[in-house]
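1. my questions concern the predicted model and sequence given below.
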Amino acid sequence: MDHTSEHVITATEKSYFRRNIIHPHLMLNYLTKSWVFVALLGQWIFALYIFISFGIPALSGSPSSADTSRMIQGYVNGDELGNGILMMHLLPAILLSLGGIFQLLPYLRKHYPAFHRWNGRMFLTLGLLGALTGLYLTWVRGSRLSDVGSIGLTINGLLIMVAVTLAWKFAIKKQYQQHMRWAIHAFILINGVWTFRLYLMAWFMLNQGANGNTATIDGPADITLSFASYLLPMLIAEVYFWAKRQKSVYRVAIANLFMLLGLLITTLGVVAATLFMWWPRIIA
Ligand code: HEM
């Protein structure tokens, strides 16, 4: 990712680190690229799961045939408005999970700026729609397993609106540094529900089952993970922006530890969510 005030690696630093270890700024780039690659895989598997579970039934003209039995309310016979809003919530998630990750690829931003702009408009608009319909489903339709367990997700939905507004505003004003910062936060927040699944499944994998979780998603582990699913990636993103501005290789090396932690958690989450949630439903 480019950053106008970022530290440029000097020739002396380069030759020093060539003889010794990988330069921390270079390592920061490798860790970021690795994270984007793992996230891309996880996002596309999630998109495939949503497409197969809800997209195909909706496209074939019978959304009621989608298997929503595992959902909180899912499809309810006779509730036209509720079912319509549920579809408006689920179907855009396919495009969001498929297209959002493209915004992070510097190559596309540089060589296909028109694609970046249109894909960005699509992502921010559908993200906003996802937050609004999600809040409706939770608090108006009553699709929630518990009040306390819904607080983390509700704050996630409200923060999506803030981040989307700021990302869009700074893009229009051509303040690209600020735009990138808020667009990254919007990406993290819009994908908060995806990250929550990653963290929950990774937690189950590490604990070999539930530990501090309840069936109504309001156990201490559930609540912690519901907030961590956006606050932790947002913190790591801020550490990344900070690291890009640092000259001290030691500071960048410390930031790299955070980046490595983020990469390991996301990788574990993608493996666990794919194995436990998405793949069995994709092949079923
Ligand atoms: C914009 C980002 C969002 C995306 C991409 C998204 C995606 C999804 C997906 C794919 C499902 C189906 C779950 C499954 O079968 O595994 C779902 C369900 C649900 N989402 Fe979201 N969601 C988003 C934001 C939100 C927000 C912010 C809220 C609440 C404040 C919310 C509330 C719900 C509820 C209540 C359901 C379950 C409906 C039911 O079971 O009847 N979502 N969401």
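-> Okay, I see it.

2. alpha carbons only for contacts and neighbour counts from here, please
-> Fine.

3. quick one: the helices in this protein?
-> With DSSP state H as the criterion, the chain has helices at 11-19, 24-50, 56-59, 80-99, 106-111, 113-139, 151-172, 176-190, 192-207, 220-245, 249-273, 279-283.

4. relative to helix 220-245, how tilted is the second one?
-> Here helix 24-50 points in a direction 140 degrees away from that of helix 220-245 (axes from the mean of the first three to the mean of the last three C-alpha atoms, to 10 degrees).

5. any idea how far helix 24-50 is from the chain center?
-> Using C-alpha atoms, centre = their mean, to the nearest Å, the mean C-alpha position of helix 24-50 is found 11 Å from that of the whole chain.

6. and it, what does it pack against?
-> Helix 24-50 sits against helix 80-99, helix 249-273, helix 279-283, with contacts defined as 3 or more C-alpha pairs under 8 Å, 6 or more residues apart in numbering; DSSP states H and E.

7. contact residues of the stretch 1-150 of the chain facing the ligand?
-> Where the stretch 1-150 of the chain comes near the ligand, counting by C-alpha under 6 Å from any ligand atom, the residues are 50, 71-74, 90, 93, 127, 130-131, 134-135, 137-138, 143-144.

8. sorry, slip of the keys, the one I care about is the stretch 151-284 of the chain.
-> For the stretch 151-284 of the chain, the residues in contact with the ligand (C-alpha under 6 Å from any ligand atom) are 153-154, 156-157, 190-191, 193.

9. export these as TSV, with columns for neighbour count and distance to L105.
-> Formatted as TSV, those follow (neighbours: other C-alpha atoms under 10 Å; distance: C-alpha to C-alpha, whole Å):
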residue	neighbour count	distance to L105
L153	23	28
T154	17	29
N156	24	25
G157	23	25
I190	30	17
N191	21	17
V193	17	22
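
10. contact partners for T125?
-> Contact analysis of T125 by C-alpha atoms under 8 Å, 6 or more residues apart in numbering lists nothing.

11. run the last query once more with 10 Å
-> Contact analysis of T125 by C-alpha atoms under 10 Å, 6 or more residues apart in numbering lists 92, 96, 119, 164-165, 168.

12. hmm, which of those residues are the buried ones?
-> With burial judged by 16 or more other C-alpha atoms under 10 Å, the buried subset of those is 92, 96, 119, 164-165, 168.

13. any idea how far the ligand is from K110?
-> Distance of K110 to the ligand, computed by C-alpha to the nearest ligand atom, to the nearest Å: 26 Å.

14. quick one: low-confidence parts of the stretch 1-150 of the chain?
-> Low-confidence regions of the stretch 1-150 of the chain, defined by pLDDT under 70, span residues 1-5, 13, 15-20.

15. for I236, give me the pLDDT.
-> pLDDT recorded at I236 is 98.

16. what is the burial count for it?
-> By other C-alpha atoms under 10 Å, the residues close to I236 number 18.

17. what residues are up against it?
-> 242, 255-256, 258-262.

18. farthest-separated two in those residues?
-> Maximum pairwise distance among these (C-alpha to C-alpha): 16.5 Å, between W242 and L261.

19. returning to what we had before: make CSV out of the buried ones among the contacts of T125 and add distance to M180.
-> Below are the buried ones among the contacts of T125 laid out as CSV (distance: C-alpha to C-alpha, whole Å):
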residue, distance to M180
P92, 23
L96, 18
N119, 14
V164, 11
T165, 13
W168, 10
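
20. with respect to the ligand, which of those is nearest?
-> L96 (6.3 Å; C-alpha to the nearest ligand atom).

21. pretty sure the closest one contacts I188?
-> No: assessed by C-alpha atoms under 10 Å, L96 is found out of contact with I188, at 11.8 Å.

22. distance from stretch 189-202 to the middle of the chain?
-> On the basis of C-alpha atoms, centre = their mean, stretch 189-202 is displaced by 7 Å from the centre of the chain it belongs to.

23. swap in stretch 145-158?
-> Centre-to-centre, stretch 145-158 and its host chain are 17 Å apart (C-alpha atoms, centre = their mean).

24. re the thing from before, now the helices and strands packed on helix 24-50 as a markdown table including distance to T214?
-> Output for those, formatted as a markdown table (distance: least, C-alpha to C-alpha, whole Å):
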| stretch | distance to T214 |
| --- | --- |
| helix 80-99 | 25 |
| helix 249-273 | 18 |
| helix 279-283 | 22 |
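
25. thanks a lot, see you next time.
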